Each structure stands twice: as C-alpha cells, then as structure tokens.
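[1] Following is a predicted model, sequence given first.
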Amino acid sequence: MTTPFYTPDPQTAAASRIAEFARRQGIAPDDYAALHRWSVTDLEGFWSAVWEYFDVDADTPYERVLEEERMPGARWFPGATLNYAHHALRKVGDDDVAILALDETGSAYGVTGGRLRSQVASVAATLRELGVGQGDRVVGYLPNTPHAIVAFLAAASLGAVWSVCGQDYAPRAAADRFAQLEPTVLIAADGYLFNGTTHDRREATLELARTLPTLKATVLVDHVGLPGLTANYPSLVLPWEDAAGRTEELACVPVPFDHPLWVVFSSGTTGLPKGIVHGHGGVLLEHLKTLGLHSDLGPGDRLLWYTTTHWMMWNLVASTLLTGATTCTYDGSPAPFAQLDMLWELAARHRVTVFGTSPQYLLGMAKFGIDPSAHDLSSIRVVGCTGSALPASAYPWVRQHVGERALLASISGGTDVVSGFAGSAPNTPVWAGELSAPHLGVALAAYDAEGMPVVGQVGELVVTRPMPSMPLYFWNDPDGTRYRDAYFASYPGVWRHGDWITVTEHGSVIIHGRSDSTLNRNGVRLGSADIHDVVERLPEIAEALVIGAEEPDGGYWMPLFVVPAAGVELDDALRDRIRDAIRTNASPRHVPDEILEVPGIPHTRTGKKLEVPVKRLLQGAPVEQVVNPATVDSPELIDYFAGLGAERRKGRGGA
C-alpha cells in the first residue's frame with residue numbers, strides 16, 4: 001500500500017456531516033470503507049437513512065424504498081410525492097444570501113433567500129399564465145447567472161420539465177437539443193461575458209426561437225444591457241423584469257418521486273444529442289448525499305464551481321441550495337486576460353469554502369506561474385476537480401499554492417447520473433493521481449472483457465446495483481431500446497459507463513479516460529457528430545474525424561483530421577475557415593487543437609467511422625488490440641494512424 005498524499009485531520013473529520021451520519025448508523029466515523037460497504041449491500045437501509053438525515057419533506061409518504069432492483073427499471077420510493085424546488089427553497093433564511101452572482105470583472109451581487117423565493121414564485125405564476133403545466137417543457141438559453149437557477153426552480157415548482165444550454169452554443173446546436181423537447185416557453189439572455197468581450201446573442205436567440213414552433217412565449221433577460229429584440233419575433237415576448245417582478249405566493253406542486261425534473265443532453269457520436277431524463281426524487285437524494293455528505297456543505301458554506309449551464313456541474317451547483325449553503329454563479333472566462341487568477345481572488349474575497357474546477361485549469365495555473373496563495377484562501381477546505389483525471393504531478397502544486405489543509409477531491413461521474421461515481425469525503429485519505437473511493441451508494445467495480453471484477457488492473461467502470469439518479473429514460477425512446485443499448489448491452493443488468501478504471505488494492509479508483517468516443521474537453525462532453533456535421537458541409541472538405549485523447553501528463557489533445565476535396569489544399573486560410581465554421585455553428589469549445597490533413601478516414605464495413613480505434617492508436621495501443629484490419633474498409637489507414645501516433649509520441653519524448 002502506498003502512503004497517502006493527504007490524511008484528514010482527525011478532529012475535522014470527526015466534526016463532519018458524514019461522520020455524524022456514520023455514527024447514526026452505528027459505524028465508526030473514521031471507517032469510510034465500512035460505511036461504503038453498508039451503503040451498497042443494504043440499499044434500502046442506506047437511502048432511507050439519507051432521507052431521514054436530511055429530513056426530506058414528502059407530501060405523501062413512500063410505501064417502501066426500492067420496489068424493483070433490476071437495471072434498468074429500478075423503482076425507488078413508490079407512493080412518495082414531493083417537489084425538488086420546495087427543498088431547494090426551504091433552507092436559506094430570508095435575509096441570508098442564497099445565490100452570489102459573480103463575473104470576470106470582479107463584480108458581485110447577492111440574491112437573498114427571501115428574494116429568491118419571491119422571484120421563483122413570480123416566474124412560476126408567469127409560466128402558468130403562459131400555458132405551462134405539469135410535464136410541459138421550459139428551456140433556457142442562458143449563461144451561468146441567477147436567472148438560470150430562478151427559471152429552473154420556477155419550472156420545477158410547477159412540475160414542468162427544464163433544460164438549459166449556454167449561449168456559446170450556436171442556435172443550430174441549441175435547436176438540436178431543444179427542438180426534441182417541443183418546449184412551451186424559452187427563457188434567453190441578451191448576451192454573456194467572456195474574456196473582456198460582451199457577446200450579443202439577441203439575433204441568435206431570434207434564430208433559435210424560429211426553430212421551435214411549439215413556443216407560446218419567450219422571456220428575454222436583460223443581462224448585459226442590450227436593447228430588447230422584438231421585431232419579427234415568432235412568439236410572444238416578455239421581459240424578465242415583468243416575469244420575475246410580480247408579487248405572488250409560492251406553491252410547489254407535489255409530484256411522484258420519479259416525475260421528470262430536467263433533461264440533460266449527452267452528445268453521442270452519431271445523430272442528435274440524446275436527452276437524459278432525471279426525476280425529482282432521485283436527484284434530490286443523490287445531490288443531498290453528494291453535496292451534504294461528500295462535500296460537507298451546509299448553512300454558512302459557499303460553493304464556487306466553474307461551469308457552464310450545459311455541463312452537468314451546473315445542475316449540481318444549483319443543488320447547493322438543497323443543503324442551505326450559498327451557491328455562486330460565475331459569468332465569464334475561468335482565466336480572463338485582464339486577470340488570470342480572478343476566480344481565486346473571488347474565492348478569497350467572498351470566503352468560499354468549496355472551490356471547484358477542472359484539471360486543465362489547475363495545470364494551466366501551474367504552467368503560467370500563477371500563485372493563488374497571493375490571496376487569502378484560508379476559507380477553502382475543499383478543492384474539487386472533475387472533468388478528466390487529475391495527474392499526480394498536480395497534487396503538490398495545489399498543496400503548495402492553495403493550502404495544506406484543503407482536501408483535494410478529484411471526482412469522476414457523468415451527465416448520465418448527474419453526479420459522481422467516485423471521489424473523496426472529509427474522512428477519506430487521498431493518494432496522488434487517484435480518487436479516494438467509490439461514492440456512498442455506488443456499487444462500483446472494474447470489469448474485464450469476460451465481465452468479471454478485477455482489482456489492480458484496468459477494466460471497464462461498471463455499477464452493479466441501481467442508483468436513484470440513474471436516468472428515468474431517454475427522451476423520444478418509447479421502448480427504452482436506446483437507453484438499454486447505451487449502458488446495459490455489454491453486461492446485461494449491469495451499468496457500463498464507458499470509462500477505463502483501476503480499482504486499487506487500497507480501495508481507491510484510478511481513471512484512465514473514456515472507453516467510448518465521446519469528447520470530454522475541460523469536463524464538458526461534446527459530441528463528435530456536432531463537429532463532423534459542420535465541417536463536412538464545407539465544399540472544400542470530403543470527410544472529417546475528430547477525436548479526444550487523454551495524455552499521460554494530464555493534458556487533453558483534440559485534433560481534427562480532414563480529407564480535402566479533390567484538388568483542394570489544406571492551407572492556413574482553409575484551417576481558419578474550418579475553425580470559424582465550427583465556432584459559429586457549434587461553439588468555441590468545439591474548435592479543435594489542431595487541424596491535420598490525412599489521406600482518408602477508416603470505417604467499418606458498414607460505413608461507421610472508427611473513432612475509438614483511431615483514438616487508441618494515437619494513444620499508443622497496439623493495432624492487434626484495437627481493431628481487426630479485416631473488418632475495416634481501408635486497412636492501410638489503420639497503419640497510417642498507428643504511425644501518426646508513434647511520431648507524435650516520439651516528438652513529445654515518449655516511447
């Protein structure tokens with residue numbers, strides 16, 4: 001067993017909520033392994049204990065905890081009715097700050113609990129008058145500001161279904177998501193801030209609204225001070241001030257435990273992004289556990305986690321309210337040119353207790369010589385990190401430049417369960433480059449190719465028993481075929497997530513990267529199809545392939561390979577055109593690191609691009625372990641990409 005990089009202070013650990021929770025179950029507060037074993041062997045006992053510990057306020061009680069344990073199809077807490085929004089709004093006092101709005105200029109304002117409840121009640125009444133009822137869809141085209149949280153809670157209070165994406169998404173990319181939902185109301189901002197620039201999104205909002213024929217109204221948020229846009233608008237337009245400024249009584253509609261709360265989108269490699277539906281009760285319990293126990297959040301705490309509204313971390317950030325803690329929204333670049341360490345300054349100024357970011361951010365801070373300790377970060381007790389694996393080399397930097405007492409909690413989870421599978425807690429040690437342990441209630445294992453659990457070697461991340469926040473279903477998947485194929489085709493009855501992991505002898509988890517072709521850039525999942533669609537519409541390009549490869553130093557390489565049309569040369573001017581097309585029609589996050597000309601793109605015999613095999617070849621996997629050349633339409637291209645990977649590794653000083 002290796003020596004832990006970090007061992008929790010015994011007094012601090014003993015005073016944590018997870019320690020108190022363990023004591024209530026008759027388990028030693030410093031024995032996380034015993035607590036986890038109980039949480040996955042007695043699902044009913046564990047989740048009923050979470051319900052009781054956090055005092056879940058159901059309008060009607062549950063009949064039992066788990067009626068069906070099968071996956072997919074587990075049925076949790078039948079008979080219970082409740083509402084997520086009620087729980088999000090009940091803990092913060094009228095005069096306490098519920099949401100702290102921050103931006104890259106350093107500006108800040110607070111929304112008190114009383115003001116938040118008032119705005120949610122007003123927007124809910126407005127939505128109801130616009131025809132929104134239980135099960136209808138409300139969508140947001142919004143930056144990460146309090147408006148998005150207010151709109152979400154207003155929709156949830158009515159039993160409506162919420163979905164949101166950031167305004168850096170092009171209208172077409174947003175429509176690919178929202179049009180599937182046939183929304184009743186769109187809530188959109190006039191623009192957003194990024195790297196010192198105000199991005200005007202009024203015309204983009206108009207274009208998006210025109211693609212959503214089911215809209216009855218659009219609520220326009222004046223966020224960056226641009227004049228309203230109403231001419232030729234396809235639906236009724238209502239200013240946010242009118243929607244949120246009424247005096248109304250808040251009344252949250254009780255809904256069944258598994259009533260849809262939101263739809264989050266996880267882009268696949270082909271076709272439209274898939275809509276993942278989660279329920280009120282499952283999200284409520286999962287987020288209370290994750291934030292209240294693993295992050296030890298409660299009244300008096302403040303969480304600042306850099307995210308966009310279309311990343312699942314936004315959903316978790318909004319759920320901070322469930323614990324009674326203050327959630328911080330942030331509009332802007334994580335490292336604006338004007339002040340690269342702005343997030344650290346804000347964390348110090350506003351006494352943030354949980355600071356969340358990505359490995360790329362921490363590695364970038366180290367690379368550019370930024371020293372966060374120039375600010376008083378003594379309030380930070382947890383540095384959360386997710387989006388990809390945090391390399392061991394980053395751990396000493398965080399200790400030196402953020403603080404020795406801060407728990408560096410590397411976390412791995414997914415949009416699919418809108419939570420974590422593995423991470424840390426106040427009573428777990430930390431090993432550099434590893435996640436401390438599976439999360440409570442997560443029956444995690446690494447499976448080999450025969451479907452057997454393995455320890456100390458690489459395997460597929462699987463979950464062998466259900467979690468309350470597993471999807472209810474996929475949108476527009478009436479018989480559940482796409483849902484079953486996504487997670488249960490490899491190991492029937494067992495969730496396969498699509499990550500390579502190692503479960504170590506001392507119980508920690510090492511993440512090696514995606515085992516499928518989903519792009520995972522800075523923690524935000526991107527669909528390769530979004531990029532291929534844009535690039536392959538250019539007349540100069542015959543075909544394209546984008547991959548995302550995790551690298552040994554913790555970096556992430558996202559190249560775009562293109563096959564030019566006959567007689568076309570890939571020069572710098574064409575590269576610029578490709579980047580501009582992707583930035584305009586997908587988003588800036590979809591722009592690749594490099595654009596490289598290749599002689600062809602390999603496919604299966606049925607015409608499917610070999611995204612995962614190409615990624616693995618570039619990472620150095622032997623050809624014979626990646627693909628059978630006999631199954632490829634152009635076997636010579638397999639050797640070409642294997643050689644390209646070898647050249648790149650040689651140039652980087654690798655094997």
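    Arrived safely. Numbering: from 1, shown residues only.
[2] CA only for contacts and neighbour counts going forward, please
    Will do.
[3] Strands of the stretch 201-350 of the chain, start to end?
    Here the stretch 201-350 of the chain has its strands, by DSSP state E, counting those that start in this stretch, at 217-221, 236-239, 255-256, 260-266, 274-279, 302-305, 326-331.
[4] wait, which of those strands is closest to Ala425?
    strand 302-305 (15.6 Å; CA to CA).
[5] Help me confirm that Gly110 is found in a helix?
    No - under DSSP: H, G, I helix; E, B strand; the rest coil, Gly110 falls outside any helix and is assigned strand.
[6] how far away is it from Thr329?
    10 Å (CA to CA, to the nearest Å).
[7] re the thing from before, any chance of a markdown table for the strands of the stretch 201-350 of the chain, columns distance to Pro466, mean neighbour count and mean pLDDT?
    Output for these, formatted as a markdown table (distance: least, CA to CA, whole Å; neighbours: other CA atoms under 10 Å; pLDDT from 0 to 100):
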| stretch | distance to Pro466 | mean neighbour count | mean pLDDT |
| --- | --- | --- | --- |
| strand 217-221 | 38 | 24 | 97 |
| strand 236-239 | 43 | 16 | 94 |
| strand 255-256 | 19 | 24 | 98 |
| strand 260-266 | 18 | 26 | 94 |
| strand 274-279 | 14 | 24 | 96 |
| strand 302-305 | 28 | 27 | 98 |
| strand 326-331 | 29 | 26 | 98 |
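[8] what about Gly643, neighbour count?
    Residues within reach of Gly643, counting by other CA atoms under 10 Å, total 15.
[9] For stretch 442-462, give me every contacting residue.
    39-40, 421-422, 438, 463-467, 491, 494-505, 515 (CA atoms under 8 Å, 6 or more residues apart in numbering).
[10] scratch that, stretch 634-652 is what I was asking about
    With contact meaning CA under 8 Å, 6+ apart, stretch 634-652 is reached by 599-603, 614, 617-620, 622-623, 629, 655.
[11] Swap in 7 Å and give it another go.
    With contacts defined as CA atoms under 7 Å, 6 or more residues apart in numbering, stretch 634-652 is touched by Gly600, Pro602, Val614, Leu617, Leu618, Gln619, Gly620, Pro629, Ala655.
[12] do the same with stretch 467-478
    Outside stretch 467-478, the residues within contact range by CA under 7 Å, 6+ apart are 76, 274-279, 282-283, 286, 416-417, 441-442, 480, 483.
[13] Now for Gly110 and Thr329: what residues contact both?
    Taking CA under 7 Å, 6+ apart as the criterion, Gly110 and Thr329 both touch Leu100, Ala101.
[14] Distance-wise, check the closest residue to Trp162 other than its chain neighbours relative to Met365.
    Setting aside the residues directly before and after it, Trp162 is nearest to Trp262 in space (CA to CA, 6 or more residues apart in numbering), at 4.5 Å. Separation of Trp262 from Met365 (CA to CA): 34 Å.
[15] What count of nearby residues applies to the residue lying closest to Glu540 once chain neighbours are set aside?
    Nearest non-adjacent residue to Glu540, counting by CA to CA, 6+ apart: Ala565, 5.2 Å away. For Ala565, the neighbour count with other CA under 10 Å is 14.
[16] Equivalent analysis for Glu460, please.
    24.
[17] Can you pull out the residues in contact with stretch 513-528?
    For stretch 513-528, contacts defined as CA under 7 Å, 6+ apart pick out 266-269, 311, 358, 360, 386-388, 498-500, 546-548, 550, 611-612.
[18] Rounded mean pLDDT for that stretch, please.
    Stretch 513-528 shows a mean pLDDT of 74.
[19] just to revisit the earlier point, the contacts of stretch 513-528 in strands, which ones?
    Ser266, Gly498, Asp499, Trp500, Val546, Glu550 (DSSP state E).
[20] From Glu597, how far off is the first one?
    By that I understand Ser266. Noted for Ser266: a distance of 28 Å to Glu597, by CA to CA.
[21] now do the fifth one
    Relative to Glu597, Val546 is positioned 12 Å away (CA to CA).
[22] The two: which is more packed in?
    Neighbours per residue (other CA under 10 Å) separate Val546 from Glu597, with Val546 holding more: 23 against 15.
[23] who does that one bridge with?
    Leu560 (DSSP bridges).
[24] tell me the contacts of it?
    For Val546, the contacting residues are Ser528, Met558, Pro559, Leu560, Phe561, by CA under 7 Å, 6+ apart.
[25] repeat for Val221
    Contact partners of Val221, counting by CA under 7 Å, 6+ apart, are Ala188, Ala189, Asp190, Pro239, Trp240.
[26] got it, and Leu212?
    Contacts of Leu212 (CA under 7 Å, 6+ apart): Ala179, Glu182.
[27] Read off the pLDDT value for it.
    Residue-level confidence at Leu212 comes out at 97, pLDDT.
[28] do Lys615 as well
    pLDDT, read off for Lys615, is 92.
[29] Could you point out the helix or strand that follows the helix or strand where it lies?
    Lys615 belongs to helix 611-619 when assigned by DSSP states H and E. Following helix 611-619 in sequence order, the next helix or strand is helix 623-626 (DSSP H and E).
[30] Any figure for the gap between the nearest residue to Ala217 once chain neighbours are set aside and Val462?
    Leaving aside its sequence neighbours, Ala217 sits nearest to Leu236 (CA to CA, 6+ apart; 4.4 Å). Look at Leu236 and Val462: by CA to CA, they are 47 Å apart.
[31] for His287, same thing?
    Counting by CA to CA, the gap between His287 and Val462 amounts to 20 Å.
[32] Just the buried subset of the contacts of Val546, written out for ChimeraX, thanks.
    In ChimeraX, a selection of the buried entries from the contacts of Val546 looks like this (16 or more other CA atoms under 10 Å):
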select :528,558,559,560,561
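[33] could the contacts of Val546 be laid out in JSON lines, adding distance to Lys216?
    Below are these laid out as JSON lines (distance: CA to CA, whole Å):
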{"residue": "Ser528", "distance to Lys216": "32"}
{"residue": "Met558", "distance to Lys216": "40"}
{"residue": "Pro559", "distance to Lys216": "41"}
{"residue": "Leu560", "distance to Lys216": "40"}
{"residue": "Phe561", "distance to Lys216": "42"}
